[in-house]
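# Compute the structure for the input listed below.
(2 chains)
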Amino acid sequence: EAQVTQNPRYLITVTGKKLTVTCSQNMNHEYMSWYRQDPGLGLRQIYYSMNVEVTDKGDVPEGYKVSRKEKRNFPLILESPSPNQTSLYFCASSSGQGLGYTFGSGTRLTVV
Amino acid sequence: GENVEQHPSTLSVQEGDSAVIKCTYSDSASNYFPWYKQELGKRPQLIIDIRSNVGEKKDQRIAVTLNKTAKHFSLHITETQPEDSAVYFCAAALNGNQFYFGTGTSLTVIP
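Purely as a prediction, here's the structure:
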């Protein structure tokens, strides 16, 4: 089944403790992206990647890192999480320019 | 950067009526406009999209129109059904890379 898989689905952590949210897609898509969703703010793009080793900042990149060492994986790293990063995070992938993204199931992160 | 505004934020319609959601964008260079549907507790799912070289696109009960001059685009749902109830997001993108989403419209279809 073609899908974007994120893990974990739920995560509660403490301020300052590094964490990684994994994302993997099995569709051989070149484009991958991370979004955060907050009430009243919609979906905001954090980082995107157009191919292996090619990443770029989205609208709200501060406090996040990404890497794209393999085509299928695009982890999101929070080096020192803070409470304002409490949010619902979605990973997404696309086969190419001008085509909509397929979203993963989401990761609900709470930073206390 | 791009700014996408979406209206209304909430919309209630009777089953069988039509629903229209409107979005405006600020960057005239944006050339790809997808619409997503998000049911409660689920992931956003692409329902229809349009590119800047097309004025209108239809898929069964769903249609999207684009006015490049005015920089606005709209989602039209006809013959609404209860399963159309969800949050709908519009987005604008340049070359399908950096996406800017609207803040969403919560649609309720009343049986």
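
# what about the residue nearest to residue B:97 when sequence neighbours are not counted, neighbour count?
Once flanking residues are discounted, residue B:97 sits nearest to residue A:48: 6.0 Å by C-beta to C-beta, 6 or more residues apart in numbering or on different chains. (Glycine included, C-beta is placed from N, CA and C.) Residue A:48 has 26 neighbours, counted by other C-beta atoms under 10 Å in any protein chain shown.

# Would you enumerate the residues in contact with residue A:48?
A:31-34, A:55-56, A:58, B:97-99 (C-beta atoms under 8 Å, 6 or more residues apart in numbering or on different chains).

# Closest to residue A:92 out of the residues you listed?
residue A:33 (5.0 Å; C-beta to C-beta).

# what's the neighbour count on that closest one?
By other C-beta under 10 Å, the burial measure for residue A:33, its neighbour count, is 27.

# Phi, psi for it please.
Main-chain torsions, residue A:33, degrees, to the nearest 10: phi -150, psi 150.

# now residue A:91
According to degrees, to the nearest 10, residue A:91 has phi -100, psi 150.

# now do residue B:82
Dihedral angles for residue B:82 - degrees, to the nearest 10 - are phi -50, psi -30.

# Can you tell me how far the residue nearest to residue B:97 is from residue B:99?
8 Å (C-beta to C-beta, to the nearest Å).

# what do those two both touch?
Common contacts of residue A:48 and residue B:99, defined by C-beta under 8 Å, 6+ apart, comprise A:33, A:58.

# Narrow the contacts of residue A:48 to those in strands?
A:31-34, A:55-56, B:98-99 (DSSP state E).

# Are any of these buried, and if so which?
Buried members of the ones in strands among the contacts of residue A:48, counted by 16 or more other C-beta atoms under 10 Å in any protein chain shown: A:31-34, A:55, B:98-99.

# what's the farthest-apart pair in the residues you listed?
A:55 and B:99 (15.0 Å).

# How about residue B:22, nearest residue that isn't a chain neighbour?
residue B:74 (4.8 Å).

# In which helix or strand does the one you found reside?
strand B:72-77 (DSSP states H and E).

# quick one: is the next helix or strand along the chain from that strand near chain A?
Going down the chain from strand B:72-77, the next helix or strand is strand B:86-94, by DSSP H and E. Yes. Strand B:86-94 is in contact with chain A by C-beta under 8 Å from any C-beta of the partner chain, via B:89, B:91.

# For strand B:86-94, which residues meet the burial criterion?
By neighbour count with 16+ other C-beta under 10 Å, strand B:86-94 contains the buried residues B:86-94.

# and it, what's its mean pLDDT?
Computed over strand B:86-94, the mean pLDDT rounds to 93.

# again, but for stretch A:95-110
Mean predicted confidence for stretch A:95-110 is 87.

# chain center to that stretch, what's the gap?
8 Å (C-alpha atoms, centre = their mean, to the nearest Å).

# Alpha carbons of it, as CSV, please.
The C-alpha trace of stretch A:95-110 is given here as CSV (Å, rounded to 0.1, in the frame of the first residue of the first chain):
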residue,chain,number,x,y,z
SER,A,95,6.1,12.8,-7.0
GLY,A,96,7.0,16.1,-8.5
GLN,A,97,6.4,19.8,-9.0
GLY,A,98,2.9,20.9,-9.5
LEU,A,99,1.5,17.8,-7.8
GLY,A,100,-0.2,17.7,-4.4
TYR,A,101,1.3,16.1,-1.4
THR,A,102,0.2,12.9,0.2
PHE,A,103,0.2,13.3,4.0
GLY,A,104,1.2,11.0,6.8
SER,A,105,-1.1,10.3,9.7
GLY,A,106,0.4,13.0,11.9
THR,A,107,2.4,13.2,15.1
ARG,A,108,0.9,15.0,18.1
LEU,A,109,3.8,16.5,20.1
THR,A,110,3.5,18.0,23.5
